[in-house]
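> Build me a model from this:
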Amino acid sequence: MQILSPCVVSLTWRLEDAHGQLIDELGEPVEFFFGGDDLLEQVEASLLEQTTGFEASLHIEPENAFGEYQAELVCFEERSVFPEHLEVGMQFDGLPEDATTPDMPSEVVYTVTEVYDSHVVLDGNHPLAGIALRLHLTVCDVREATPDEIEATSVGQPACSVLNALQPGEHLH
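The predicted structure follows:
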């Protein structure tokens, strides 16, 4: 079957930064919705009209992946506005209601990067922001999407969301 929207593709891949440092590796095939929210545009463009067995090696610049790193998305917040148990790597959708930096975007996921007695350092950038990526992928299977998948434009957890969960230095397997 040819890869055309909408369908489901099973992929394996190896994702590295531009220096060859491993970021993520899918050794076993994982399904993704093609034509929806699961894959980056450049990945979908390379897969269009391909079939099982297709392989590609892509170089993806930050602006086509998770954007450039924005220093203005890093802020300091009072330690007192966070739960008692707080550690580096924890993530929050937006800032707490009583945050002291109200000019920060509220629709951003913030990652705790440092915890001090009086304050916390938060970073609203995606963990892969500013990083050029190298992706080698293989199409293991292609199938028709179900009506539920078409309605959701996703097969479970999108690849972009999976990568959103990655912390610097972490790998998914």
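> helices and strands of the chain: which one bottoms out on pLDDT?
Taking mean pLDDT, DSSP states H and E as the measure, helix 159-164 is the helix or strand of the chain with the lowest mean score, a mean of 42.
> how's the protein carved up into domains?
With domains defined by automatic domain parsing, the chain comprises 7-66+129-164, 71-123.
> out of those domains, which comes closest to M1?
Ranking the domains of the chain by their distance to M1 (criterion: CB to CB) puts domain 7-66+129-164 first, at 4.5 Å. In this view, the C-beta of every residue, glycine as well, is placed from N, C-alpha and C.
> And what about Y110, helix, strand or coil?
At Y110 the chain is in strand, as set by DSSP: H, G, I helix; E, B strand; the rest coil.
> List the contacts of it.
Residues in contact with Y110, defined by CB atoms under 8 Å, 6 or more residues apart in numbering, are 75, 91-92, 94-95, 122-124.
> Filter the residues you listed down to the buried ones.
75, 92, 95, 122-124 (16 or more other CB atoms under 10 Å).
> Turn the residues you listed into TSV, columns for distance to E16 and secondary structure.
Conversion of those to TSV gives the following (distance: CB to CB, whole Å; DSSP: H, G, I helix; E, B strand; the rest coil):
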residue	distance to E16	secondary structure
C75	30	strand
F92	29	strand
L95	33	coil
L122	27	strand
D123	22	strand
G124	25	coil
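> sorry, back to before: would you mind finding the most buried of the domains of the chain?
The highest mean neighbour count among the domains of the chain, using mean count of other CB atoms under 10 Å, belongs to domain 7-66+129-164: a mean of 16.
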